Structures are given as C-alpha cells and as structure tokens.
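Participant: What follows is a predicted structure for the sequence shown.
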Amino acid sequence: QVQLVESGGGLVQAGGSLRLSCAASGRTFSMYGMGWFRQAPGKERMFVASITWTSSTYYADSVKDRFTISRDNAKNTVYLQMNTLKPEDTAVYYCASAPGGWAPRSSGEYIYWGQGTQVTVSS
C-alpha cells in the first residue's frame, strides 16, 4: 500500500511559477514510476508528466519546456516545477504511482493516487 499526499497548489498569475510536491509512504518508493495528471472542470483527467524509477522523464506536449518533473528517493517525494504558467493550466493536479518502475502516460496503469491539489492561474 502506498499513500500519496500532494501539496504546493494555489493561485498564481499568468507567467508565474509553482512547485508541487507529492510525498509518498512506503519503503519501495524508489521502485515505482511516478506521474502527474490534471483534471479541469468538466474535462477528463489528462497526463502531464511522468518519471521512471531511473529518472527518465516524459511530458505532455502542452507543458514541455515549461514543467519539470523530478524525484528525491531519499525523501520519498516527487516534484513538479511549473514555470510560465498559463490560465489553461488551471486544474486539480494529481500524483500517482505505477508498479514496475515505468512511467506510462495512461492513467489506467497507475494504481495509487493522491487526493489532488488545486492550481489556479489567473489572466
């Protein structure tokens, strides 16, 4: 069982930055792939970024070159640094963990999810 707790969301003006954190319980964090997803009101949950257990990273085209995912296995934490934020980035952001160490883009392959943190970008 893995528990995930996100933090770091909030209200920011367009062009600003936020860093989301996702703290995980459990001693096998380093063996999991981790992903960030987001869900805007009335829309499906969408892939944002993911990182494998060896720290290979993947991004949605809409956030590439603006967002950076990273992990600190000593702290059991994964981060999402978000720069140059746009109003269309407004959503609830969720972190999730996938067994096997891979970092798929499909939400269905993740088995543990956090409760989400709200990010609101004003224009």
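Facilitator: Happy to help now that I have it.
Participant: Could you pull up the residues touching the residue positioned nearest the centre of the chain?
Facilitator: Per C-alpha atoms, centre = their mean, the C-alpha nearest to the average position across the chain is that of residue 36, at 2.4 Å. Counting by C-beta atoms under 8 Å, 6 or more residues apart in numbering, residue 36 makes contact with 20, 22, 48-50, 69, 78, 80, 93-96. For the C-beta atoms, the positions are set from N, CA and C on the backbone; glycine is no exception.
Participant: cool, residue 72 as well?
Facilitator: Counting by C-beta under 8 Å, 6+ apart, residue 72 has contacts 78-79.
Participant: is it in a bridge, and if so with what?
Facilitator: As for beta bridges, residue 72 partners with residue 77 under DSSP bridges.
Participant: Same question for residue 97.
Facilitator: residue 34, residue 112.
Participant: heads up, I number from 49, so please use that
Facilitator: I'll keep to 49 as the first residue from here, and by that count the last item is residue 145.
Participant: isn't it right up against residue 50?
Facilitator: Yes: with contact defined as C-beta atoms under 8 Å, residue 145 counts as touching residue 50 (5.4 Å).
Participant: Give me the more crowded residue out of the two.
Facilitator: Taking other C-beta atoms under 10 Å, residue 145 and residue 50 do not tie; residue 145 has more neighbours (24 against 17).
Participant: Thanks again, I'm all set now.
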